[in-house]
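Student: Please work out how this folds:
(chains A, B, C, D, E and F)
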Protein chains: 6
Amino acid sequence: MHIRVILPVITASWVESTKEGYAAVVRPSTEISVVPLDWGTASIECHRDEALVVPDIITKVVEAEADGVHGVIIDCMADPGLDAARELVDIPVVGPAQASMHLAATLAHRFSVLVISEGDIMAVEHQASRYGLSRRLASARPIHVPVLDLEEDPEATLEALVAAGEKAVREDGAHILIPGCTGLAGWAPRIQAALADRGSEVPVLDPPSVAVKQAETLVDLGLSHSRLTYPTPPRKPIRWPWKTPFAPQ
Amino acid sequence: MHIRVILPVITASWVESTKEGYAAVVRPSTEISVVPLDWGTASIECHRDEALVVPDIITKVVEAEADGVHGVIIDCMADPGLDAARELVDIPVVGPAQASMHLAATLAHRFSVLVISEGDIMAVEHQASRYGLSRRLASARPIHVPVLDLEEDPEATLEALVAAGEKAVREDGAHILIPGCTGLAGWAPRIQAALADRGSEVPVLDPPSVAVKQAETLVDLGLSHSRLTYPTPPRKPIRWPWKTPFAPQ
Amino acid sequence: MHIRVILPVITASWVESTKEGYAAVVRPSTEISVVPLDWGTASIECHRDEALVVPDIITKVVEAEADGVHGVIIDCMADPGLDAARELVDIPVVGPAQASMHLAATLAHRFSVLVISEGDIMAVEHQASRYGLSRRLASARPIHVPVLDLEEDPEATLEALVAAGEKAVREDGAHILIPGCTGLAGWAPRIQAALADRGSEVPVLDPPSVAVKQAETLVDLGLSHSRLTYPTPPRKPIRWPWKTPFAPQ
Amino acid sequence: MHIRVILPVITASWVESTKEGYAAVVRPSTEISVVPLDWGTASIECHRDEALVVPDIITKVVEAEADGVHGVIIDCMADPGLDAARELVDIPVVGPAQASMHLAATLAHRFSVLVISEGDIMAVEHQASRYGLSRRLASARPIHVPVLDLEEDPEATLEALVAAGEKAVREDGAHILIPGCTGLAGWAPRIQAALADRGSEVPVLDPPSVAVKQAETLVDLGLSHSRLTYPTPPRKPIRWPWKTPFAPQ
Amino acid sequence: MHIRVILPVITASWVESTKEGYAAVVRPSTEISVVPLDWGTASIECHRDEALVVPDIITKVVEAEADGVHGVIIDCMADPGLDAARELVDIPVVGPAQASMHLAATLAHRFSVLVISEGDIMAVEHQASRYGLSRRLASARPIHVPVLDLEEDPEATLEALVAAGEKAVREDGAHILIPGCTGLAGWAPRIQAALADRGSEVPVLDPPSVAVKQAETLVDLGLSHSRLTYPTPPRKPIRWPWKTPFAPQ
Amino acid sequence: MHIRVILPVITASWVESTKEGYAAVVRPSTEISVVPLDWGTASIECHRDEALVVPDIITKVVEAEADGVHGVIIDCMADPGLDAARELVDIPVVGPAQASMHLAATLAHRFSVLVISEGDIMAVEHQASRYGLSRRLASARPIHVPVLDLEEDPEATLEALVAAGEKAVREDGAHILIPGCTGLAGWAPRIQAALADRGSEVPVLDPPSVAVKQAETLVDLGLSHSRLTYPTPPRKPIRWPWKTPFAPQ
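Tutor: As a prediction, the model looks like this:
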């Protein structure tokens, strides 16, 4: 099985570590390839960023299907372009936030998301509402570390994550936690251990792992999104600056 | 007062009629300018279309503020790019669907939206949910006429609108109706009259008129969106194929 | 255009200032007339007060339509008698709370209402629920200054408003504020400025201004409430102590 | 124990039958007195009617407490004046709709209300929402017989009730029914039997019986409404055309 | 009238005090009998306990109907076995939590439940949701005293109840309180008085009293649960270690 | 990896086919063992059945953990005993309904469940509510074939499933379907194909497959339920007729 991970930013230097992260959790027979964007932003932290990455994300998803891969993961907790991508392909397209929120809801009464900044709170609430999980969301708690600085002082980042996690558990009633940025891939065990040290024993999900396991499951079971929810777009005039399968020039 | 209408498609031939439509309902002292997209699709009927029009919409909104206009309307019932645009400017940005749904909710117990196709039903439900109005939405009823064919056989289009409207009123409990496509600008009185002829006396809103009146109101009162909801995006590396104010090259 | 403002209390001494307040925000061609009640209470702070003002409010609304005015505003944040008034007339009847809550919901993720006392919290929650906006209401925060004392020590009143506003923004997640009493007409800019001074930059609506702009919009567009939601009441025996158009004696 | 029933209309001819109806279901030691209104309408079918009956209802409730009665029932399914009345007295005040909806929700998954006309549907939905029971309301089904005509052709009224009840059970998923007008007091067994004859075996509540049993229960247990929800109104100038305990002249 | 109270634990030593408690609030003509379980747990504090008491609860409920009693109360705030019991008998079966939550919702805007431990919070939220009352639940506040220790140091238990109650009123907006364990039967007046002493005047319900009054009401009115909600179970092979009417051996 | 499937009925003759069904979808290295109940009912169709199977289900789950298995599936769409089982063990316990509803919600806008009889509709609504997915549930549609007769006339069963599925898609807006009984394990492809033949192209999930894939995923990722949601039960006197690990005798 071949799973394509779309790294939905222009930061090509992250390709290798992203690939290693995903490869570490898949089954031996699952192949992982990672493709960054040609056009877009260096990280995704606001609606403007999301607006600018989606056109190339859906380009890359359509190319993935043409390449014969079996499933696609959009490697960002905003699940950018998920709906548009599903319209354009038949293979399963997985969003780490959608997959993680639903898994969290099966394992605990309420979940919290540890987000980058105040501005993400509304976004997480909208996601939970869109995914139908508003009543299971305990809170979104910001850590106040910019995405591009997460790895700069790992101790400080971990401390910020643990502090936000403790508030989520003690004040908001969270019973499970989701790191709200795929830039935190692989941090879950450290966060969980540090929280346990301080007396808060809660599972902490690793969204990329959850996403790739869901992709494997969907491919195993021959399942994909419903075409009634995501109908194939009609053909129509499109003017676009780069060559894409959906806008032939 | 100068209101800029973004015609969020590449179909420049609609500029003149769009301008006339808006000019007909504004106050004499309000100037209307209409700007179409350079990049995007010919109409907006699915998530792919929305993905491809938003980058140039937000470009045009930022240019509008630089041009000194007082308010902006994004002339499409999907309200594409509304959130991203508001992040980037201080002047009010109005979405016809958002403005119409809220006005409908003040005038009647429940509203229905007359949409283009089955595929729009989920989109309208998501919009109503996002705008906080799920419980006031009676239904979205499709007319099954493609956007680009609306003007081809006006009698047939009107018949489809009235048939959908009657079902909305009689079966879904709608007390007010919203045409769900700005391509239907100006049709509201005809729809309302035809429905009254058949015994269903309900107000029918004209979303572009509602939008431009809300824009005038916001400018009059010196109001705009909250910066806590729409914080200014951080500066970061952006690679983009056309020149935009938010991605200097 | 002639807009009639019903001052829904027996305090006739407020007529002049009310008229000035509304006149300051309307278009030059809009005429404002203000009519107080003959029967009722001196202010509206509880269900008893509301019960006693509604009969004369609806009398005055029916008289307004007979006088040929184009729209009516009920100048109280409880929107008292709004539903009954709409049953009795064809012209638009605007409630400042309904108009302000819906406008607030278009400009920000969540709004808070700055109310007079604890007793108003439930009333605001019921209003938001009835208007379909429960999920957009961040909170109702009491200022603990009685309506009839608002102007007594303006500095203290402003301080109470700002303190309540700060709590709404910092603790409840409000992104926009609505003063919850029309006795606070005109205070919005002062509240907004004082909050900005303390670091909370949020828009503060002036509900009477929002209401009169909505009235102008509805008259401009030829719109009014749906008769399916507000059917004309049937004729029946009515015994009433004062002469009203709906209870001929 | 003495329970006062407020007959919230000016139709004094109904006093005797109302008293008999209530007396038939109370315990032998419970005394029932019935008081009609001096001011108001002949029946309650719209917001205007409700507006005009509430002032005298609350007058009569305050007088009831002064008379030393132990509890009060407002004999109308709109529960008119319930909130205002509770502000003014310490004894329990019971609304038949509130009591019946909550009892129905304990006995079945979903309830429907058999209402007079289309206009009542929104009112019942608002009641259910206000009482916190929206998700337990299956539907409000109109019988299209005016309140003042209910007794004119009892066979036709029963047929209309049964037809509406069958639709509620078969199409809306109701598992229990509530006649939506106290003018139908005592009809419940007949409706239940007729529905059973046609194959729909569902309980049908008699709201006045449920209300008076709740009043007895509250008096027995020494319980009444919470003063935090219904605080005593402040003293203030009131101008009112008839003498009432809350507006001394 | 004969009401059977199922004491849904194996602690037979509580039979006498339970009977006295119920007998103190019923009408003189109402007979109370109390039956403990033969199989199950000593108290009910988790899903495991509930799983182990339900089989014998429903055995005892079926036996109660066979004994000719008129109504049954399951004496535990988890309302264990309520749904299954109603499937098996025609007489009314009352759950103290269901009865109390609905009564609380008629007397105040929001109620809180004073529960044993953190683990009960989710259970109360699920109950409120299942009974359709989520939006009326202010909070569940734990007292951190195990069920079997409630009577050990009554002063400490009262202090814990009052502290939790104060938090519910002041921080969560509760306007009425429900002790969340029938082991607290009869404590309501003491809790209410102690809270009033500290300035929080709220009604405190006694769930067993509320339940038995509801049982009397249902028997008086000839009402029981809807068979559409609780259909009679089909006959099928059942293997069970003790003799029960529903599993003949 | 060793996954234990609890067959939660006394019908031991189903063990072999159940094992084959699960073994067909797991990875080669995953071992499946199936254990039926010693005490309980022959099928699970009502609350009584659920009450009688849960005690032995949790016995078998505790034994499974003692046997060293890595995860447990409770093979019934009522997810009976899921909460109690999770309290008693650390290994993941998966319910097919919970797993399927969440997966369905990630692949489509709304899902419907094809249930056995009318009586299951309320149960599915309660499940969806409890799992936080009420707004994603389109409907529960009964097929009117008893569980024990499903295999008797497979053509008739398939026809009933397809007819119910078509109604769910065309009338209720379902975009994906879930067979609501594990007795239908393996039928999903046939249902999906037959629906496609009639023009309704929707994915149909096979809940046992989804459940076992979720179990594999949880074991792979080292995840299990949150102990804050499912705390370990306290030790206390338990009297039980058969020997269980949680009730030592």
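Student: How about the contacts made by the closest residue to A:Glu31 other than its chain neighbours?
Tutor: Nearest non-adjacent residue to A:Glu31, counting by CB to CB, 6 or more residues apart in numbering or on different chains: A:His2, 4.5 Å away. Yep, even glycine has a C-beta here, placed from its N, CA and C like the rest. Residues counted as contacts of A:His2 (CB atoms under 8 Å, 6 or more residues apart in numbering or on different chains) are A:30-33, A:68-70.
Student: Recalculate using a threshold of 6 Å.
Tutor: Under the criterion of CB atoms under 6 Å, 6 or more residues apart in numbering or on different chains, the contact list for A:His2 reads A:31, A:69-70.
Student: For E:His102, see how far away the residue of chain A found nearest chain D is.
Tutor: Taking CB to the nearest CB, chain D has its nearest neighbour within chain A at A:Arg135, 12.2 Å off. Look at A:Arg135 and E:His102: by CB to CB, to the nearest Å, they are 21 Å apart.
Student: Who has more neighbours out of the two?
Tutor: E:His102 (26 against 18; other CB atoms under 10 Å in any protein chain shown).
Student: returning to what we had before: name the SS class of the closest residue to the residue of chain A closest to chain D other than its chain neighbours, please.
Tutor: Excluding its sequence neighbours, the residue lying closest to A:Arg135 (CB to CB, 6+ apart) is F:Gly132, at 5.0 Å. The three-state assignment at F:Gly132 reads coil, by DSSP: H, G, I helix; E, B strand; the rest coil.
Student: For the lowest-mean-pLDDT helix or strand in chain A, name the packing helices and strands.
Tutor: Least confident helix or strand, chain A: helix A:119-130 with a mean of 90, by mean pLDDT, DSSP states H and E. The contact analysis (3 or more CB pairs under 6 Å, 6 or more residues apart in numbering or on different chains; DSSP states H and E) places helix A:119-130 against strand A:137-142.
Student: Taking helix A:119-130 as reference, get the angle to the strand it packs on.
Tutor: 160 degrees (axes from the mean of the first three to the mean of the last three CA atoms, to 10 degrees).
Student: Strand A:137-142: partners in the sheet, and parallel or antiparallel?
Tutor: strand A:111-115 (parallel) (DSSP bridges).
Student: CA atoms of the strand it pairs with as PDB?
Tutor: Extracted in PDB, the C-alpha atoms of strand A:111-115 (Å, rounded to 0.1, in the frame of the first residue of the first chain):
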ATOM      1  CA  PHE A 111     -11.200  16.200  24.400                       C
ATOM      2  CA  SER A 112      -9.100  19.400  24.300                       C
ATOM      3  CA  VAL A 113      -6.900  20.600  21.500                       C
ATOM      4  CA  LEU A 114      -3.500  22.200  22.400                       C
ATOM      5  CA  VAL A 115      -3.300  25.000  19.800                       C
END
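Student: Give me the mean pLDDT for the longest helix along chain A.
Tutor: Criterion DSSP state H: the longest helix present in chain A is helix A:47-66. On average, the pLDDT along helix A:47-66 is 97.
Student: Could you name the helices and strands sitting against it?
Tutor: For helix A:47-66, the packing partners by 3+ CB pairs under 6 Å, 6+ apart are strand A:2-7, strand A:40-41, helix A:82-88, helix B:47-66, helix B:82-88.
Student: Out of these, which one sits most buried?
Tutor: strand A:40-41 (a mean of 27; mean count of other CB atoms under 10 Å in any protein chain shown).
Student: Show residues contacting it.
Tutor: Under CB under 6 Å, 6+ apart, the answer for strand A:40-41 is A:9-10, A:49, A:52-53, A:56, B:238.
Student: which residues touch A:Ile57?
Tutor: A:6, A:8, A:80-81.
Student: Just the C-alpha atoms of the next helix or strand after the longest helix of chain A, please, in CSV.
Tutor: Counting by DSSP states H and E, the element after helix A:47-66 in chain order, helix or strand, is strand A:71-74. Only the C-alpha atoms of strand A:71-74 are listed here, as CSV (Å, rounded to 0.1, in the frame of the first residue of the first chain):
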residue,chain,number,x,y,z
GLY,A,71,-4.6,7.0,0.0
VAL,A,72,-3.6,10.6,0.8
ILE,A,73,-3.0,12.5,4.1
ILE,A,74,-3.1,16.3,4.2
